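Asks: 3D model of this:
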Amino acid sequence: MSKRAILFSGQGAQFVGMGKDLADAFPACKALYEKADEVLGYALSKICFEGPVEELTKSNHCQPAIFVTSIACYTALKESVPELEVSMMAGLSLGEWSALHASGAMSFEDTLRVLEARGRAMQEACDEKDGSMVSVIGLSKAHLLEICEATGVEMANLNSEAQTVLSGARAGIEKAAAMATEMGAKRAIVLQVAGAFHSSLMASATPKLEVVLNAVPVQSPAIPVVANVTGQPHGDADAIREVMLKQVTGSVHWYESINAMTAAGVSEFVECGPGAVLTGLVKRIAERGTPLYNIQDIATLEKTVAAISE
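Replies: Down below sits the predicted model:
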């Protein structure tokens, strides 16, 4: 029997209206949004369902919003497939927190509080230092290292063998994009993001997150969760706290994470949360023909349930 991994969406995948049809169809999903509104003290559900997009995009709203929607997608899947078996989990950046909750390492309420604080701290770091990111496709690691050394930017997301996202000061990112094009990159796209995520420019967010994270209970996951920073499964509670603090400024080793899961026998991936970015990335990494599914609304839920229930 094939092993299944659940993947959870990262920041940037949000859209106005996300989760609404799931909340309308599943009382358990509706309850998640109601609990989030209660815990956070404002109508996160309204921001998810109605916007405006400017409010949804703010990191302190966006991170809890994607988390709740991702867990709603996973909850709907579990209700639709009661015998669902999951061998491993992972998530991209913010999504790793969704995976930790879904695996039993943290409560829903505590994860919400941590993510609201994380989003706020990261937004403040963005406001303090003008940073940006560039997605580079089709350059070797040697060329990327040369660009980083010349411009002072850092490797933020190692998404696949072909795609790496660089992060740093805006001026450095602009130089990096130009260098990448000159070196023959297939594409060098400066991203529309609030700042230099997963770089040293986020350093001021770490101590703020640490205060909140140290105040909530954490335990070892019941289902293995692969860490972005190491590309290997998380350890005990203390190790989880340490690694998740490093994640703020550290690189996301997504390519290594997917390879670690396939090496452990995972042969099917289901992405839970808005968008299908991770499904696209895994398609470039995993063996051709690997079953890939994503759940972000009722239509994709029904399609996935029909496929995995065969």
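Asks: any idea how far residue 66 is from residue 59?
Replies: 10 Å (CB to CB, to the nearest Å). Using the backbone N, CA and C atoms, a C-beta is placed for each residue, glycine as well.
Asks: My error: substitute residue 310 in the last question.
Replies: For residue 310, the distance to residue 66 equals 30 Å [CB to CB].
Asks: now swap in residue 263 and tell me
Replies: Look at residue 263 and residue 66: by CB to CB, they are 28 Å apart.
Asks: Who has more neighbours out of those two?
Replies: Neighbour count, other CB atoms under 10 Å: between residue 263 and residue 66, residue 66 has more, with 31 against 8.
Asks: Name the helix or strand for that one, please.
Replies: Residue 66 is part of helix 59-80 when elements are defined by DSSP states H and E.
Asks: for that helix, what is the average pLDDT?
Replies: Confidence over helix 59-80, taken as the mean pLDDT, stands at 95.
Asks: Relative to the whole chain's centre, how far out is it?
Replies: Distance of helix 59-80 from its chain centroid, counting by CA atoms, centre = their mean, to the nearest Å, is 11 Å.
Asks: Could you list every helix and strand in contact with the very next helix or strand once past that helix?
Replies: Counting by DSSP H and E, the element after helix 59-80 in chain order, helix or strand, is strand 88-91. In terms of contacts (3 or more CB pairs under 8 Å, 6 or more residues apart in numbering; DSSP states H and E), strand 88-91 is packed against strand 3-8, helix 94-102, helix 254-263.
Asks: quick one: buried residues of the least confident helix or strand in the chain by mean pLDDT?
Replies: Ranking every helix and strand in the chain by mean pLDDT, DSSP states H and E puts helix 53-57 at the bottom, with a mean of 91. Under the neighbour-count criterion of 16 or more other CB atoms under 10 Å, helix 53-57 has 55-57 buried.
Asks: Next: stretch 297-310.
Replies: Those would be 297, 300-301, 304-305, 308, for stretch 297-310 by 16+ other CB under 10 Å.
Asks: how about the strands in the chain?
Replies: Per DSSP state E, the chain carries strands over the ranges 3-8, 88-91, 131-137, 154-158, 163-169, 187-190, 266-272, 292-295.
Asks: Point out the most buried one among these.
Replies: Most buried of those, by mean neighbour count (mean count of other CB atoms under 10 Å): strand 88-91, with a mean of 28.
Asks: Need the contact partners of it.
Replies: Contacting residues not belonging to strand 88-91 are listed as 3, 5-10, 70, 96-99, 102-103, 221, 223-226, 228, 233, 257-258, 261, 264, 266 [CB atoms under 8 Å, 6 or more residues apart in numbering].
Asks: So how do I select the buried members of those residues in ChimeraX?
Replies: Listed next is the ChimeraX selection for buried residues among these, using 16+ other CB under 10 Å:
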select :5,6,7,8,9,10,70,96,97,98,99,102,103,221,223,224,225,226,228,233,257,258,261,266
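Asks: hang on, residue 300 packs against residue 292?
Replies: No - counting by CB atoms under 8 Å, residue 292 is not a contact partner of residue 300; they are 11.8 Å apart.
Asks: and the residue of the chain most remote from its centre, what is it in contact with?
Replies: The centre of the chain is farthest from one residue, residue 182, which by CA atoms, centre = their mean lies 30.8 Å away. Counting by CB under 8 Å, 6+ apart, residue 182 makes contact with nothing.
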